[in-house]
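Trainee: With the input below, show me the fold.
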Amino acid sequence: MVFFVLRSNREKQQVYEFVSIEDLVPQDHLLRKVDTYINFSFIDEKVRPLYCADNGRPAIDPVILFKMIFLGYFYGIRSERQLEREIQTNMAYRWFLGLGLTDKVPDHTTISWNRRTRFKDTNIFQDIFDEIVLQAISHRMIGGRVLVSDSTHVKANANKHQYTKQQVLQNTKDYVDELNAAVVEDRKENGKKPLKPREDVNEEKEIKVSKTDPDSGYMIRDGKPEGFFYLDHRTVDTKYNLITDVHVTPGNVHDSVPYLSRLDRQQERFGFKVEAVALDSGYLTTPICRGLQSRKIFAVIAHRRFHPKQGLFPKWKFAFDVERNLYICPTGYELNYRTTDRKGYRQYASDPLHCKSCPLLNQCTHSRNHRKVVTRHVWEDSKEWVRNNRLSKSGKQLYRKRKETIERSFADAKELHGFRYCRLRGLANVREQALMTAAVQNMKKMAIHLDRLKRRG
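Mentor: Numbering: from 1, shown residues only. Next up, the predicted model:
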């Protein structure tokens with residue numbers, strides 16, 4: 001007969017041991033790599049103007065405060081209360097913060113208080129993100145030559161059934177002055193009189209506004225969930241897939257609206273010499289194509305398939321003659337220039353007397369007066385330039401990198417860092433979440449890469 005002696009480990013829980021927290025953290029732990037290769041000393045300088053030097057109680061070290069915030073984003077801990085509990089029991093977290101085994105963990109309310117008061121209406125989170133990008137540049141992990149941009153939707157902390165309807169002004173296009181000048185020039189070249197100035201018309205549209213998070217936008221897109229969302233507009237550098245720009249808008253803002261201004265910001269802030277960009281089809285607008293061509297940036301933008309009215313010829317069936325400035329229909333007949341409208345579209349129209357007897361009339365137009373009209377934007381050449389780029393060998397190679405870079409970046413943010421949903425409400429808070437998520441993604445990639453290089457060397 002065999003007897004088993006049951007022993008309790010309770011006694012070991014009461015034993016005092018002489019141990020160092022340094023020995024309790026594995027040597028290959030991610031936080032060791034981050035602490036080694038990321039320089040956090042800049043935080044003191046960035047936040048110094050936000051602290052009072054000679055009044056009040058001593059503040060928690062800003063570096064510790066922001067390292068706590070980074071821990072929450074590194075490991076997708078959505079609750080600050082939960083973050084405090086995790087730090088209390090996790091030796092690696094304590095080591096990263098410089099806390100001993102018995103040191104008191106800063107209260108979770110400290111983070112929320114600083115967000116609501118000290119950091120409110122400041123650029124501190126943008127500054128921190130930018131500083132991490134600059135460190136990556138110093139390690140030659142960002143080239144600034146080839147960039148890929150896209151946006152992803154992030155679910156707002158709001159019930160999609162709780163909303164009001166409001167009339168708001170349409171988005172003002174930042175290229176309207178340039179377009180007006182192009183229209184005037186085009187009409188002049190074609191012998192047309194200048195258009196009469198018209199009074200500014202404030203165009204309005206009805207939108208849904210969330211009662212719980214008015215800053216979010218109601219999004220309706222094919223293949224996407226419907227409801228209140230924010231959009232994270234992100235740019236990555238193709239060298240090591242590091243994030244170089246983050247911009248947050250309500251979910252009902254078109255992808256192309258902030259693109260050119262954010263591209264210019266990166267060139268000004270980081271001194272990038274951008275040579276090429278790759279974009280999704282949502283950016284295939286004439287102003288974007290024109291802007292990239294004028295900046296002498298090789299642009300590859302995915303094709304957006306347009307569906308003409310069923311049974312009618314698609315536009316590509318009509319050939320454009322550049323020298324004579326006219327279109328030629330599938331039967332070889334010419335559509336001559338008529339005018340250029342305020343929106344920048346040239347109109348090319350056929351002769352109804354000729355079209356009336358055409359055997360292909362029913363496949364060409366359903367117009368009552370038997371006139372076919374084809375439009376062409378004054379900046380259409382830029383769009384065709386982008387199309388030729390996409391079909392080129394180098395363009396195809398560049399676009400293939402899009403899925404390997406920007407899509408991977410978004411997937412990591414959502415799966416590993418809790419960026420599928422907004423933690424808090426309000427554009428400023430979502431911007432903080434987007435910037436800090438991107439910052440820790442960059443830190444993680446930098447630390448792992450630099451540690452690998454050190455081991456090889």
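
Trainee: neighbours of the nearest residue to Phe272 once chain neighbours are set aside, just the number please.
Mentor: Excluding its sequence neighbours, the residue lying closest to Phe272 (CB to CB, 6 or more residues apart in numbering) is Gly144, at 3.2 Å. In this view, the C-beta of every residue, glycine as well, is placed from N, C-alpha and C. Gly144 has 18 neighbouring residues, counting by other CB atoms under 10 Å.

Trainee: do Phe40 as well
Mentor: Residues near Phe40, counting by other CB under 10 Å, number 18.

Trainee: Spit out the contact partners of it.
Mentor: When contacts are counted by CB atoms under 8 Å, 6 or more residues apart in numbering, Phe40 touches 63, 66-67.

Trainee: wait, which of those residues is closest to Ile124?
Mentor: Checking the contacts of Phe40 against Ile124 with CB to CB, the nearest one is Phe66 at 9.0 Å.

Trainee: what helices or strands is the helix or strand containing the closest one leaning on?
Mentor: In the assignment (DSSP states H and E), Phe66 maps to helix 62-74. Applying 3 or more CB pairs under 8 Å, 6 or more residues apart in numbering; DSSP states H and E, one finds that helix 62-74 contacts helix 30-37, helix 42-47, helix 80-89, helix 91-97, helix 108-116, helix 427-456.

Trainee: Kindly reformat the ones you listed as TSV and extend each row with mean neighbour count and distance to Ser216.
Mentor: Putting these into TSV (neighbours: other CB atoms under 10 Å; distance: least, CB to CB, whole Å) gives the following:
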stretch	mean neighbour count	distance to Ser216
helix 30-37	18	32
helix 42-47	16	29
helix 80-89	16	21
helix 91-97	20	32
helix 108-116	15	18
helix 427-456	19	8
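
Trainee: looking at those helices, which is closest to Asn252?
Mentor: It's helix 427-456; of these, that one is closest to Asn252 (CB to CB) at 12.9 Å.

Trainee: Show me what that closest one is packed against.
Mentor: By 3+ CB pairs under 8 Å, 6+ apart, helix 427-456 packs against helix 30-37, helix 62-74, helix 124-138, strand 227-237, strand 242-250, helix 408-416.

Trainee: residues making contact with the shortest one?
Mentor: Surrounding helix 30-37, the residues in contact under the criterion CB under 8 Å, 6+ apart are 25-26, 74, 92-93, 95-96, 443-444, 446-448, 450-451.

Trainee: re the thing from before, export the helices and strands packed on helix 62-74 to CSV and tack on mean pLDDT and distance to Arg338?
Mentor: Converted to CSV, the helices and strands packed on helix 62-74 look like this (pLDDT from 0 to 100; distance: least, CB to CB, whole Å):
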stretch, mean pLDDT, distance to Arg338
helix 30-37, 95, 64
helix 42-47, 90, 59
helix 80-89, 92, 63
helix 91-97, 94, 69
helix 108-116, 87, 58
helix 427-456, 95, 45
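
Trainee: So for Tyr230, which of the ones you listed sits nearest?
Mentor: Nearest of these to Tyr230, taken as CB to CB: helix 427-456 at 4.9 Å.

Trainee: So what's the gap between the closest one and the chain middle?
Mentor: Offset of helix 427-456 from its chain centre (CA atoms, centre = their mean, to the nearest Å): 16 Å.

Trainee: in the stretch 151-300 of the chain, which spans are helices?
Mentor: 176-189, 259-270, 286-294 (DSSP state H, counting those that start in this stretch).
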